[in-house]
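Asker: okay, here's the prediction I keep looking at, along with the sequence it came from:
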Amino acid sequence: MRNRSGISGVASSPVLVGAVTVLIVIVAVFLAYNANNGLPFVSTYDLKARVPNADALVKGNDIRIGGVRVGTVRSVVPVQLENGEYAAELTLRLDKNAEPLPVDSTITVRPKSALGLKFLQITPGDSDEGFEAGETIPVASAKPEPVDIDEFFDMFDEETRTSIRRNLAGFGNALAGRGPQLNEAFGALSRAVVSGQPILRRIVEPNTNFAGFWRSLEALAATVAPVAETQAAMFVALDRTFAAFARVSRPYIQETIEKGPETLDEVNADLPAVRPFLRNSARFFTALRPGVKALAETSPVIADSLHAGIPVLNASPVLNNQLEPTAQALVDFQEAPGVMNGLDLLTDTNQILKPTLRYIAPTQTVCNYITLTFENLTLSTGGNNNAGHWLSFISFSPPEGPNAESAPSSAPANGPTGKNHLHYNPYPKTAAPGQGNVCEAGNEAYTPGKTVIGNAPDLLGTKTREEVNK
């Protein structure tokens, strides 16, 4: 009875009931006010995180993993990084069930609504290691960089909007009045799609490596990316070039294109006839190349010859006047009896002497022996030296010894003194065929202490005219 009276006493007290009600309301308001910051007496998993830009993220914003709220942002303060740049440091209060967060997790500040409200998105990684409570998620984990709705709309600036309007007007003008053609095009496209299905199936087969094509295309794009500015400059230059073409497109380029087929027909008809000429010209210029190369070296001589030829050309009319009677005399001589027989005999004589002349001619043309012989005879018998006609009285003493040249001998001189050695060559090389243009006579070297009979083993020279030229 007393208990009932006690309960009824409390319930019957308006002051006490009002006080309890006010207390309950205060507790409910307190819990509701701090609901975003976490309930009291509930353990949490606290971390710090750094992002390049907090981007309107404020205290109390949600932290979500996979779209589920797992905590709140406790504070946002600016910090200076080691490289001197500034970033935002966030204090995170996460639920215990999110612990531990893998160290390769990423964080992104994302918009919660179009009005600018943000939240922090955490994408857990797959690392076996996790952040300890109180550790800091580095700024390198803040990726990818988000794009806000205002940044998206900022790309539609006045210039872009004007260009879009012009494009729409151009597309509209291009499509206006072309409904039937578009219908035909869509019908043909439908047939092309049906016909292309087998080809597409073959393309996407694993053995075609279609994915490798796109990877290669990606690598190509990455290679071209560093020269994007250069390519942009190239397109600007191309724009100027095509603008210049546009100014002369009509009537000049248009007429050129119109006359192009007729020109090509004429070229196709003429090329077979021109081809032999071009082939012969190619051979001619190939053969002419060594001469042109040598012309660079001989051009001074040719220039001197041309200068020297001017007086000759001036005197050539007198010679030309004399050539006509001379030629007539030659004709009369040719028609005289016995001339042809004499020429035939002369031809036969030349044929007989040809082998001999082949060996004798180099004696003069290469070695100059005949000229040197008569020149030496002239010098030896002339009076142009201090000794006079020395050939008539000069004498010399041959070396003495066994088989020496001063007395009869039974063998060639062969020592023992250094001067008593015979050097004799009855058939020296005179640049005849097979002798390699060697002028041996007069160029043999005397080898002391050695007997040499026949061609000398060493030649000191193959020229005989140098001293005479000097």
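Answerer: Done, it's in.

Asker: ranges for the strands of the stretch 251-400 of the chain?
Answerer: Counting by DSSP state E, counting those that start in this stretch, the stretch 251-400 of the chain has no strands at all.

Asker: show me where pLDDT drops low in it?
Answerer: 379-396 (pLDDT under 70).

Asker: could you rerun that using 90?
Answerer: 251-279, 285, 287-347, 350-351, 353-400 (pLDDT under 90).

Asker: all helices for it, in order.
Answerer: Remark: helices assigned in the stretch 251-400 of the chain by DSSP state H, counting those that start in this stretch are 254-335, 339-365, 369-381.

Asker: output those as a markdown table; include the columns mean neighbour count and distance to Gly449.
Answerer: For glycine as for every other residue, the C-beta is placed from the backbone atoms N, C-alpha and C. Compiled in a markdown table, those are given as follows (neighbours: other Cβ atoms under 10 Å; distance: least, Cβ to Cβ, whole Å):
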| stretch | mean neighbour count | distance to Gly449 |
| --- | --- | --- |
| helix 254-335 | 10 | 46 |
| helix 339-365 | 11 | 32 |
| helix 369-381 | 13 | 30 |
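
Asker: closest one to Leu189 among the ones you listed?
Answerer: helix 254-335 (30.0 Å; Cβ to Cβ).

Asker: number of nearby residues for the residue nearest to Thr123 when sequence neighbours are not counted?
Answerer: Distances taken as Cβ to Cβ, 6 or more residues apart in numbering put Thr106 closest to Thr123, at 4.8 Å, once the chain neighbours are dropped. Thr106: 16 surrounding residues under other Cβ atoms under 10 Å.

Asker: likewise for Asp239?
Answerer: 10.

Asker: so which of the helices of the stretch 251-400 of the chain comes closest to Ile137?
Answerer: Here helix 254-335 is closest among the helices of the stretch 251-400 of the chain (Cβ to Cβ), at 66.1 Å.

Asker: roughly how far out does the closest one sit from the chain middle?
Answerer: With Cα atoms, centre = their mean, to the nearest Å as the basis, helix 254-335 stands 41 Å off its chain's centre.

Asker: tell me the helices and strands packed up against that helix.
Answerer: Taking 3 or more Cβ pairs under 8 Å, 6 or more residues apart in numbering; DSSP states H and E as contact, there are no helices or strands that helix 254-335 lies on.

Asker: ok so, going back, would JSON lines of the helices of the stretch 251-400 of the chain with distance to Ala243 be doable?
Answerer: Formatted as JSON lines, the helices of the stretch 251-400 of the chain follow (distance: least, Cβ to Cβ, whole Å):
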{"stretch": "helix 254-335", "distance to Ala243": "17"}
{"stretch": "helix 339-365", "distance to Ala243": "73"}
{"stretch": "helix 369-381", "distance to Ala243": "79"}
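
Asker: now do the same contact list for Gln334.
Answerer: By Cβ atoms under 8 Å, 6 or more residues apart in numbering, the residues touching Gln334 are Met340.

Asker: and the longest strand for the chain?
Answerer: Secondary structure of the chain per DSSP state E: the longest strand is strand 68-80.

Asker: partner strands of the helix or strand just after that strand and their direction?
Answerer: Sequence order places strand 86-94 as the next helix or strand after strand 68-80, per DSSP states H and E. Next to strand 86-94 in the sheet, as set by DSSP bridges, lie strand 45-51 (antiparallel), strand 68-80 (antiparallel).

Asker: what sits up against the first one?
Answerer: By that I understand strand 45-51. 57, 71, 74, 79, 81, 87-96, 98-99, 101, 107, 109, 120, 131, 133-139, 141-142.

Asker: confidence score at the residue nearest to Thr123?
Answerer: Looking at Thr106, its pLDDT stands at 88.

Asker: mind listing what it touches?
Answerer: 122-123, 125, 141-144.

Asker: format the residues you listed as CSV; extra columns: distance to Thr208, pLDDT and neighbour count.
Answerer: CSV is the format used below for the contacts of Thr106 (distance: Cβ to Cβ, whole Å; pLDDT from 0 to 100; neighbours: other Cβ atoms under 10 Å):
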residue, distance to Thr208, pLDDT, neighbour count
Ile122, 40, 87, 23
Thr123, 34, 87, 14
Gly125, 35, 87, 15
Ser141, 39, 82, 19
Ala142, 40, 81, 22
Lys143, 34, 76, 13
Pro144, 32, 69, 7
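
Asker: circling back: what subset of the contacts of strand 45-51 is buried?
Answerer: 57, 71, 74, 87-95, 98-99, 101, 107, 109, 120, 131, 136-137, 139, 141-142 (16 or more other Cβ atoms under 10 Å).

Asker: just the mean pLDDT for stretch 228-240, thanks.
Answerer: 89.

Asker: next one: stretch 76-92
Answerer: 86.

Asker: off-centre distance for that stretch?
Answerer: 48 Å.

Asker: need the distance between the two termini of that stretch.
Answerer: From its first residue to its last, stretch 76-92 covers 9 Å (Cα to Cα, to the nearest Å).

Asker: re the thing from before, what sits up against the longest strand of the chain?
Answerer: 36-38, 44-46, 50, 54, 57-64, 86-95, 97-98, 120, 122.

Asker: count the residues that sit near the residue nearest to Glu135 when sequence neighbours are not counted.
Answerer: What sits nearest to Glu135 in space, not counting adjacent residues and going by Cβ to Cβ, 6+ apart, is Leu47, at 6.2 Å. The burial count assigned to Leu47 is 24, neighbours taken as other Cβ under 10 Å.

Asker: any idea how far Leu47 lies from Ala142?
Answerer: 13 Å (Cβ to Cβ, to the nearest Å).
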